[in-house]
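J.: The following comprises the amino acid sequence and a computationally predicted model.
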Amino acid sequence: MDKKKVLVVGSGGREHALVWKLSKSPMVREVVAAPGNPGMGKLARLAPVAADDLDGIVLLACREKPDLVVIGPEAPLVGGLVDLLRSEGILALGPVRAAARLEGSKSFAKEIMREFGIPTAPFAVFDDFKEAERYVREAKRPLVVKADGLCAGKGVFVTQGIDEALAALHILMRERKFGNAGSRVVIEERLVGREISYHVLSDGRRFLPIGVAQDHKRLEDGDRGPNTGGMGAYSPVPFVHQELEEKITKEIVEPLLHGMRLKGIPYTGVLFVGIMVVGDQPYVLEFNVRFGDPEAQVLMRRWRDDVYPFFEKAAGGDLGEMRLELDASSAVAVVLASEGYPDAPRTGQKIDGIEEAEQEAGVCVFHAGTRRREDGSFESAGGRVLTVTGMGMDLEAAIECAYRGVSRIRFEGMRYRKDIGAQGRCVGFGLH
Ligand code: AMP
Ligand code: GLY
């Protein structure tokens, strides 16, 4: 068998986890990462091309001739990287540009959900400030105001009252803080429930559930403080039992994939559905056209089989009869962030203890915002610096394992949540 070469696009903890898992594949001979991060150095060859430099990535791919390109972040997918690679005859995992609008345009996603009867919060779409303002003033319930386009996770305002909702509209539509991404807004009803990240791998027709995780978006323990890219995750999520999962597949994933096919834009790649479970009813908060970060870090650790054939077959449009078994044990990921994150992270701090952490049984550390110093050690270079993951027979053991890893690592100003996974402790027994 000819061994395969894979190009992974991106540079965060998610991409490090993908590189880590792909490099374990007996089918894979080499992993190249663009631009990657120095933590991947032992597993992948790094190519200095930014993930959102689409032309640069295509040139790199034409030169490297990988058997498969795996794209981590949303921006290149929404920008049409898969289309560009396909037109060069290069296989890539991810949706084409037209399908990536599920994440690239919240109004597009909401219209699809309306059309195909997928449960989601009631909503309205506005291009005009005055009309949006009137809607907010007349609303009877708490609202969430969302920029239509990509804003690196910062374009969603979960508001408490009319004033906050109006302020959000102002930021998006008048101040244009996110440029054109906020010239159109989606305003929807605020849902209260338990949030989960549901991931599937789709070949356009068939799909495989690839695990449920719970992210921790707020900076501080107890879900307080500002929203972040994600401070930690765990998988499986005990309250996601079989019945709920069936609802998610029957009421959300199947109609969505069917609807996309009907529209002539079959969805291939990883689909991450952000779901609010209200009572026992799942509602879609958002679609993401890629793995979550830090969700990928826990899902990759629980993925028992060789990941390569799954990715290759999904990208090729035929998962065939593939079946996936996730590890029954639990995984927990704790993000170590810089002081000042998310607003103004202070970087350049020397990091100690990564190797010691990795010597702890079950611990695996993924890099995100790190760079190498001249003496070979690492320093912080971003907001989210490292993700420390741990595995265990159950959630409790995985929490203990991950925090044992965390306890070995130090850098000036390091901050992390102490309660990752705690919400999963409270409830009964689940499957995924
Ligand atoms: P989104 O990018 O659309 O998922 O929004 C980011 C975050 O805002 C989600 O992860 C939720 O925590 C929150 N959120 C979004 N929509 C709603 C909603 N309708 N009700 C309550 N919270 C929401
Ligand atoms: N962890 C949430 C995201 O990747 O969007």
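T.: Received, thanks. Ligands and ions are numbered 1, 2, ... in the order given.
J.: so residue 110 makes contact with residue 125?
T.: Yes. Counting by Cβ atoms under 8 Å, residue 110 does reach residue 125; the two are 7.0 Å apart. To be clear about C-beta, it is placed using only N, CA and C from the backbone, and glycine gets the same treatment.
J.: Mind listing the shared neighbours of those two?
T.: residue 186 (Cβ atoms under 8 Å, 6 or more residues apart in numbering).
J.: got any ranges where the protein has weak pLDDT?
T.: Scanning the chain for pLDDT under 70 picks out 426-432.
J.: what's near enough to touch the residue nearest the centre of it?
T.: Nearest residue to the geometric centre of the chain (Cα atoms, centre = their mean): residue 292, 1.2 Å. Applying Cβ under 8 Å, 6+ apart, we find residue 292 in contact with 14, 197, 199, 213, 215, 230, 233, 272.
J.: Surely it forms part of a strand?
T.: No. Secondary structure of residue 292 (DSSP: H, G, I helix; E, B strand; the rest coil): coil, not part of a strand.
J.: out of the contacts of residue 292, who's near ligand 2?
T.: Residues of the contacts of residue 292 in contact with ligand 2 (Cβ under 6 Å from any ligand atom): 215, 230.
J.: so which of the contacts of residue 292 comes closest to ligand 1?
T.: For these, the residue nearest ligand 1 by Cβ to the nearest ligand atom is residue 215; the value is 7.4 Å.
J.: Test my guess that that closest one contacts residue 198.
T.: No. Contact between residue 215 and residue 198 fails when scored by Cβ under 8 Å: they sit 11.3 Å apart.
J.: Among these two, which residue is more densely surrounded?
T.: residue 198 (27 against 24; other Cβ atoms under 10 Å).
J.: Just give the nearest non-adjacent residue to that one, would you?
T.: residue 273 (4.5 Å; Cβ to Cβ, 6 or more residues apart in numbering).
J.: ok, now which ones touch the residue of the stretch 51-200 of the chain at minimum distance from ligand 2?
T.: Per Cβ to the nearest ligand atom, residue 153 is where the stretch 51-200 of the chain lies closest to ligand 2, at 6.0 Å. Listed by Cβ under 8 Å, 6+ apart, the contact set of residue 153 reads 227, 229.
J.: hang on, it is in a strand, isn't it?
T.: No. Residue 153 is assigned coil when assessed by three-state DSSP, not a strand.
J.: what's the spacing between it and ligand 1?
T.: Applying Cβ to the nearest ligand atom, to the nearest Å, the value for residue 153 to ligand 1 is 6 Å.
J.: Kindly state the beta-bridge partners for residue 195.
T.: residue 276 (DSSP bridges).
J.: SS state for residue 85?
T.: When the rule is three-state DSSP, residue 85 gets the label helix.
J.: excluding its backbone neighbours, what's nearest it?
T.: residue 92 (4.3 Å).
J.: and that neighbour, how many residues sit next to it?
T.: 28.
J.: who touches it in this structure?
T.: Per Cβ under 8 Å, 6+ apart, neighbours of residue 92: 68-71, 81-82, 85-86, 315.
J.: what's the farthest-apart pair in those?
T.: Maximum pairwise distance among those (Cβ to Cβ): 14.3 Å, between 70 and 86.
J.: Looking at these two, which is more packed in?
T.: Taking neighbours as other Cβ under 10 Å, residue 70 and residue 86 compare with residue 70 leading, 28 against 15.
J.: for ligand 1, what are the nearby residues on the stretch 101-250 of the chain?
T.: Going by Cβ under 6 Å from any ligand atom, the residues of the stretch 101-250 of the chain near ligand 1 are 121, 144, 146, 156, 158, 188, 190-191, 195, 217.
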